[in-house]
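Q: have a look at this fold, sequence not included:
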Ligand code: ADE
């Protein structure tokens with residue numbers, strides 16, 4: 001999978017892509033990305049990328065020309081499965097959207113800033129709008145990083161143990177069961193004995209029960225949605 005990210009703040013991605021699973025996916029050749037600074041596509045002599053909104057609203061709007069130039073430059077080289085705009089007005093990201101998008105070969109992610117982007121960018125280029133939750137962030141960079149992380153860990157071969165993405169929360173409509181490692185006893189808090197029993201059937205039943213209890217307590221909406 002290759003992801004082209006259009007942003008005004010490419011440095012914001014430095015830490016995210018150079019650590020842990022994303023770094024390993026890049027090293028294994030399973031994932032690649034290119035950061036494009038939208039400002040580089042401005043033909044304005046001051047490299048402006050925003051302007052006042054028509055209609056007198058407060059705040060600035062990202063201009064259409066630099067974003068269009070960047071997207072058109074990319075479209076000349078490749079075809080894309082989706083051109084995604086990260087915005088609080090988009091569809092809320094969930095595991096099923098992530099599973100679907102993880103099959104993509106090429107994606108463009110557009111990160112917005114200021115008051116928003118000129119609506120015509122949406123009309124002409126955007127094929128999907130994604131929000132990472134019902135709250136407003138200062139820009140689309142953190143949401144784009146969240147989306148990349150959730151997609152890349154689903155690419156076969158990225159995680160060492162192929163089954164571990166399948167046991168993530170949400171994959172089976174439940175949150176994950178608790179997990180433990182050594183020591184057995186930490187200040188009197190011990191590991192549930194069933195996990196040491198060696199009886200896989202009992203262990204699986206216990207995990208399912210704990211996953212159901214946790215989902216009922218923290219996310220009853222998931223159970224109701226069934
Ligand atoms: N940009 C600002 N807030 C956002 C959110 N919640 N999701 C996606 N993009 C955003």
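A: Perfect, thanks for sending it. The shown structure was predicted, so the numbers you read here are calculated from the model rather than taken from an experiment.

Q: show me what from this structure comes close to the ligand.
A: 86, 87, 88, 131, 132, 133, 135, 136, 137, 140, 143 (CB under 6 Å from any ligand atom). All C-beta atoms are positioned from the backbone trio N, CA, C, and that covers glycine.

Q: mind doing that once more with 5 Å?
A: 86, 87, 88, 131, 132, 136, 137, 140, 143 (CB under 5 Å from any ligand atom).

Q: most neighbours among these, please name it.
A: residue 140 (29 neighbours; other CB atoms under 10 Å).

Q: please report phi then psi for that one.
A: Torsion angles at residue 140 (phi, psi; degrees, to the nearest 10) stand at phi -90, psi 0.

Q: over to residue 52?
A: According to degrees, to the nearest 10, residue 52 has phi -70, psi 150.

Q: ranges for the helices of this structure?
A: Applying DSSP state H to the chain gives helices spanning 14-17, 20-27, 64-75, 95-101, 119-124, 141-152, 200-218, 220-224.

Q: which of the ones you listed sits most buried?
A: Greatest average neighbour count among these goes to helix 141-152 (a mean of 21), per mean count of other CB atoms under 10 Å.

Q: other SSEs contacting it?
A: Helices and strands touching helix 141-152, by 3 or more CB pairs under 8 Å, 6 or more residues apart in numbering; DSSP states H and E, are strand 2-7, helix 14-17, helix 20-27, strand 82-92, helix 95-101, strand 106-111, strand 128-131.

Q: how about those, which one is nearest residue 41?
A: strand 2-7 (8.8 Å; CB to CB).

Q: just the terminal-to-terminal distance for stretch 135-148.
A: For stretch 135-148, the first-to-last residue distance is 19 Å (CA to CA, to the nearest Å).

Q: list of residues touching it?
A: 3, 5, 7-9, 12-13, 16-17, 22, 33, 84-88, 93, 98, 101, 109-113, 130-132 (CB atoms under 8 Å, 6 or more residues apart in numbering).

Q: how about 6 Å then?
A: 3, 5, 7, 9, 12, 16, 86, 88, 109, 111-113, 132 (CB atoms under 6 Å, 6 or more residues apart in numbering).

Q: tabulate those residues (TSV), appending distance to residue 179 and pLDDT.
A: Output for those, formatted as TSV (distance: CB to CB, whole Å; pLDDT from 0 to 100):
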residue	distance to residue 179	pLDDT
3	30	98
5	33	98
7	35	98
9	36	97
12	31	96
16	25	93
86	31	98
88	33	96
109	32	98
111	34	98
112	37	96
113	39	89
132	25	98
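
Q: got JSON lines for those, with distance to residue 173 too?
A: Output for these, formatted as JSON lines (distance: CB to CB, whole Å):
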{"residue": "3", "distance to residue 173": "28"}
{"residue": "5", "distance to residue 173": "31"}
{"residue": "7", "distance to residue 173": "34"}
{"residue": "9", "distance to residue 173": "36"}
{"residue": "12", "distance to residue 173": "33"}
{"residue": "16", "distance to residue 173": "28"}
{"residue": "86", "distance to residue 173": "26"}
{"residue": "88", "distance to residue 173": "26"}
{"residue": "109", "distance to residue 173": "27"}
{"residue": "111", "distance to residue 173": "31"}
{"residue": "112", "distance to residue 173": "32"}
{"residue": "113", "distance to residue 173": "35"}
{"residue": "132", "distance to residue 173": "20"}
